[in-house]
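> return a 3D structure for these sequence lines:
(2 chains)
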2 protein chains.
Amino acid sequence: MNMTEENFKVTPWEIEGKVDYQKLIKQFGTTPVDKNVIDKLKNKTKSKQLSPFFRREFIYSHRDFDKIIDGIDKNNFFIYTGRGPAGKMHIGHLIPFMISKWFQDEFDCNVYIAMADDEKFVFKDKLTFEEMEKTAKDNFLDIAAIGLNPDKTFFFSDIEYISKLYPVALKFSKKINFSTAKAVFGFNNESNLGQFFYPAIQIVPTTFENKTCLIPAGIDQDPYWRIQRDIAEKLGYKKVVAVHNKLLPPLQGLEGKMSSSITETAIFLDDDSKTVEKKINKYAFSGGQPTLEEQREKGGNTEICVVYSWLEILFEENDEKLLQRKKTVSLEKYFVENVRNTWLKRYQKI
Amino acid sequence: MNMTEENFKVTPWEIEGKVDYQKLIKQFGTTPVDKNVIDKLKNKTKSKQLSPFFRREFIYSHRDFDKIIDGIDKNNFFIYTGRGPAGKMHIGHLIPFMISKWFQDEFDCNVYIAMADDEKFVFKDKLTFEEMEKTAKDNFLDIAAIGLNPDKTFFFSDIEYISKLYPVALKFSKKINFSTAKAVFGFNNESNLGQFFYPAIQIVPTTFENKTCLIPAGIDQDPYWRIQRDIAEKLGYKKVVAVHNKLLPPLQGLEGKMSSSITETAIFLDDDSKTVEKKINKYAFSGGQPTLEEQREKGGNTEICVVYSWLEILFEENDEKLLQRKKTVSLEKYFVENVRNTWLKRYQKI
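Numbers count the residues shown, from 1 in each chain, chains lettered A, B, ... in the order given. Here you go, the predicted model:
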């Protein structure tokens, strides 16, 4: 599904322009996360608490997630997510793993995490095999630091685990022809042969257990799952279900997506406090008022503040404390002094 | 290279119509095997004897084979060939392995034999994974019976050995785009994603040693090697070289190719003597004369006789004896009684 006509573009490999999530739901044909789903889910949790991702509507869309909710506390699903090792990771990259951890904490599900090293190698023109291998190792450490339950989590690299993936990938690949792949992924004359095969590889872990596979990911990954859902039952597997999260905004404002390739938009996991401070002071689009007096009186304008949105999405689970932050004189200072230091300690390379 | 305009068609997956070998050499841009090559090769052998495949011009074309001849007795090459397990094997399928054996006997080279199980699975529409696996096992036994030196021969299945093939396949796949693949292999809208990736897999074993890889195969496999030769040096590997054999004629006449899919054209390795006899009496296009008297006087017309051509290509190494066979009253009877029984004994499943 190539969306150039719509002035913004979401494919598995590119996200450009301002994203309109309601439009995405329509275009991808997914279902909005509604109150019914939210309430049922909350009711099934151990903690009787929803993750802020759900509470604050950061997870906004799904595919058939409602179909597994009734048995979600009875171990009826497993989670599959992954990472393409294109470079070092920023705070936005952690979201699918944090969502996975929440599901695992609440429902004791198994989590499978793929390092899509093959994907990044064939899609990133200038990425050498050696660079890709080094990045994959670093990324694994960053993801491990999330603290998933080691007894219920399986990390693997596509390339290292290929002997288990390949036979099933062949079966899926035989059912996907060029016409379909072109329409769904926008392949063209320049696309290379590795790119053509990769969708079949990415689909395989959805078949790792004889339970429903739940994917927490951006909606840009949806084309893979749509194809999986078309084919899976013909091959004796279950259709995948998915929940879709929004994008973490870049330093420059609430539009668009934090991106590793534009360093100034991102806070990287290995940025030290000084670097974070510098980036925020220099680049962050904040909701600060023109004068200190106005700021004291009205608080920051959190509607447009990037730093506030990060607290909301990632760093402040407590709703009351989040509300207090609206009144913080300098959110930037708060972020650097409080959040970043905790973060750094937590994500020390293990 | 799709040759429909020329009234015959040779792609890696299809061979149709009467094959004009001189035309093929022109169209594929390969080199005829000439006296110079033949003489040099003979001179380098241990036995100072050429294989009948060379002596009788059954190997008619090559790519850069002349470039390795000077050092061919100094272990400067290895052989890579293979088999797509589409069904049971007929006598024509043994040719690349018999050529390999000759090279190994004369030059002590290593031989790598791929079971292209992935290829056949994605290219044969109705072939199930389970049928393919069973066929691959049977085919391995048939090939093993050729008697290659076990210390210098490595058999592998693409699927089982994928963990070694995949990283290098990714590197080649990244250098082959859809335009090239379409032009070279004739891919179209119906081609599936497994078919697209397969060329990258087939190329990998040409890099197994830091020596020149020699491929003995039909010229229909040439597109793979042309692509390998375009890319190999950019990735730090050597360009492959090849020798091309003609096709074994089917029972029905010297045109075309023995084919497993048309059972009446082929002698299978597991046909018993009775079946062979029946097939030959019923279907073989022979050079027999109209009357027994004429046959005694003139001998058979070996120019058009399928059975004679099989003796020439596969079963009668001795030139003098071959000449005698021209006078045989009933070549069919001779074939059934002498050749087939020896054959059966030799190719008992090991």
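> now do the end-to-end distance for stretch A:165-185.
21 Å (C-alpha to C-alpha, to the nearest Å).
> what residues does the stretch 1-150 of chain A put near chain B?
By the rule C-beta under 8 Å from any C-beta of the partner chain, the part of the stretch 1-150 of chain A lying against chain B is A:118, A:121-122, A:129. Every residue, glycine included, has its C-beta placed from N, CA and C.
> how about a cut-off of 10 Å?
Residues of the stretch 1-150 of chain A lying close to chain B (C-beta under 10 Å from any C-beta of the partner chain) are A:117-119, A:121-125, A:127-129, A:132-133.
> give the buried residues for the strand or helix carrying A:Leu41.
Here A:Leu41, judged by DSSP states H and E, is contained in helix A:35-44. Applying a neighbour-count criterion of 16 or more other C-beta atoms under 10 Å in any protein chain shown, one finds A:37, A:41-42, A:44 buried in helix A:35-44.
> in strands, which of the residues of the stretch 1-150 of chain A next to chain B appear?
Using DSSP state E, no member of the residues of the stretch 1-150 of chain A next to chain B falls in strands.
> among those, name the buried ones.
Buried among the residues of the stretch 1-150 of chain A next to chain B (16+ other C-beta under 10 Å): A:117-119, A:121-124, A:127, A:129, A:132.
> which parts of stretch A:227-247 are buried?
Applying 16+ other C-beta under 10 Å to stretch A:227-247 flags A:227-229, A:231-232, A:237-247 as buried.
> now the end-to-end length of stretch A:233-246.
29 Å.
> what sits against A:Ser260?
Going by C-beta atoms under 10 Å, 6 or more residues apart in numbering or on different chains, A:Ser260 touches A:86-90, A:92-93, A:266, A:268.
> and those as CSV, adding pLDDT, distance to B:Pro32 and secondary structure?
Output for those, formatted as CSV (pLDDT from 0 to 100; distance: C-beta to C-beta, whole Å; DSSP: H, G, I helix; E, B strand; the rest coil):
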residue, pLDDT, distance to B:Pro32, secondary structure
A:Ala86, 90, 49, coil
A:Gly87, 91, 52, coil
A:Lys88, 91, 56, coil
A:Met89, 94, 58, coil
A:His90, 93, 60, strand
A:Gly92, 92, 62, helix
A:His93, 93, 58, helix
A:Ala266, 90, 61, coil
A:Phe268, 92, 61, strand
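> out of those, who's nearest chain B?
Nearest to chain B out of those is A:Ala86 (C-beta to the nearest C-beta; 14.7 Å).
> hey, C-alpha coordinates of stretch A:209-225 in CSV?
Only the C-alpha atoms of stretch A:209-225 are listed here, as CSV (Å, rounded to 0.1, in the frame of the first residue of the first chain):
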residue,chain,number,x,y,z
GLU,A,209,3.5,-21.7,18.6
ASN,A,210,0.1,-23.2,18.0
LYS,A,211,-1.5,-20.2,19.6
THR,A,212,-2.4,-16.8,18.3
CYS,A,213,0.5,-14.5,17.6
LEU,A,214,0.1,-10.9,18.8
ILE,A,215,2.3,-8.3,17.1
PRO,A,216,2.9,-4.9,18.9
ALA,A,217,4.2,-2.6,16.2
GLY,A,218,3.7,0.5,14.1
ILE,A,219,1.0,0.2,11.5
ASP,A,220,3.7,0.5,8.8
GLN,A,221,4.4,-3.2,9.4
ASP,A,222,0.8,-4.1,8.7
PRO,A,223,1.4,-5.2,5.0
TYR,A,224,3.3,-8.2,6.3
TRP,A,225,0.5,-9.2,8.6
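> chain center to that stretch, what's the gap?
Distance of stretch A:209-225 from the chain centroid (C-alpha atoms, centre = their mean, to the nearest Å) equals 11 Å.
> then stretch A:111-127?
Centroid separation for stretch A:111-127 versus its chain: 15 Å, with C-alpha atoms, centre = their mean.
> before we move on, what about stretch A:135-146?
Distance of stretch A:135-146 from the chain centroid (C-alpha atoms, centre = their mean) equals 15 Å.
> on that earlier part again, in helices, which of the buried residues of stretch A:227-247 fall?
A:227-229, A:231 (DSSP state H).
> show me where the stretch 101-250 of chain A has helices.
A:117-123, A:129-144, A:162-173, A:178-185, A:193-203, A:222-231 (DSSP state H, counting those that start in this stretch).
> about what we covered before: of the ones in helices among the buried residues of stretch A:227-247, closest to chain B?
Nearest to chain B, judged by C-beta to the nearest C-beta, of these is A:Ile227 at 9.8 Å.
> picking that back up, how about JSON lines for the helices of the stretch 101-250 of chain A, with mean pLDDT added?
What follows is those, written out as JSON lines (pLDDT from 0 to 100):
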{"stretch": "helix A:117-123", "mean pLDDT": "97"}
{"stretch": "helix A:129-144", "mean pLDDT": "94"}
{"stretch": "helix A:162-173", "mean pLDDT": "98"}
{"stretch": "helix A:178-185", "mean pLDDT": "92"}
{"stretch": "helix A:193-203", "mean pLDDT": "97"}
{"stretch": "helix A:222-231", "mean pLDDT": "94"}
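> looking at those helices, which is closest to B:Asn192?
helix A:162-173 (5.8 Å; C-beta to C-beta).
> what's the angle from the closest one to helix A:222-231?
70 degrees (axes from the mean of the first three to the mean of the last three C-alpha atoms, to 10 degrees).
> sorry, back to before: name the member of the contacts of A:Ser260 with the most neighbours.
Comparing the contacts of A:Ser260 by number of neighbours (other C-beta atoms under 10 Å in any protein chain shown), A:Ala266 comes first, having 25 neighbours.
> that older thread, tell me the two of the residues of the stretch 1-150 of chain A next to chain B that are most distant?
A:Asp125 and A:Glu133 (17.1 Å).
> tell me which other helices or strands the helix holding A:Leu41 touches.
With contacts taken as 3 or more C-beta pairs under 10 Å, 6 or more residues apart in numbering or on different chains; DSSP states H and E, helix A:35-44 sits against helix A:52-55, strand A:59-63, helix A:65-69, helix A:95-107.
> list of residues touching it?
Contacts for helix A:35-44 (C-beta under 10 Å, 6+ apart): A:31, A:33, A:48-51, A:54-55, A:57, A:59, A:62, A:65-66, A:69-74, A:103, A:106-107, A:243.
> send me that helix as CSV with only the CA atoms.
The C-alpha trace of helix A:35-44 is given here as CSV (Å, rounded to 0.1, in the frame of the first residue of the first chain):
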residue,chain,number,x,y,z
LYS,A,35,-13.6,1.6,25.1
ASN,A,36,-15.0,-1.9,24.9
VAL,A,37,-11.6,-3.4,24.2
ILE,A,38,-9.9,-1.2,26.8
ASP,A,39,-12.3,-2.1,29.5
LYS,A,40,-12.2,-5.8,28.8
LEU,A,41,-8.4,-5.8,28.7
LYS,A,42,-8.1,-4.0,32.0
ASN,A,43,-10.5,-6.5,33.6
LYS,A,44,-8.3,-9.4,32.5
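> and it with helix A:95-107, angle?
Using the same axes, to 10 degrees: helix A:35-44 against helix A:95-107 is 50 degrees.
> next one: helix A:35-44 to chain centre, how far?
Per C-alpha atoms, centre = their mean, the centroid offset for helix A:35-44 relative to its chain is 22 Å.
> pLDDT of it, averaged?
When pLDDT is averaged over helix A:35-44, the result is 96.
> what about the stretch 151-300 of chain A, any weak spots by pLDDT?
Scanning the stretch 151-300 of chain A for pLDDT under 70 picks out A:287-290, A:292, A:295-296, A:299-300.
> strands of that one, residue ranges please.
A:153-157, A:212-218, A:241-245 (DSSP state E, counting those that start in this stretch).
> how about these, which one is nearest A:Tyr198?
strand A:153-157 (13.9 Å).
> look up how far A:Ala284 lies from the residue of chain A most remote from its centre.
The C-alpha centroid of chain A is most remote from A:Glu293, which lies 38.7 Å away (C-alpha atoms, centre = their mean). The gap separating A:Glu293 from A:Ala284 is 21 Å, by C-beta to C-beta, to the nearest Å.
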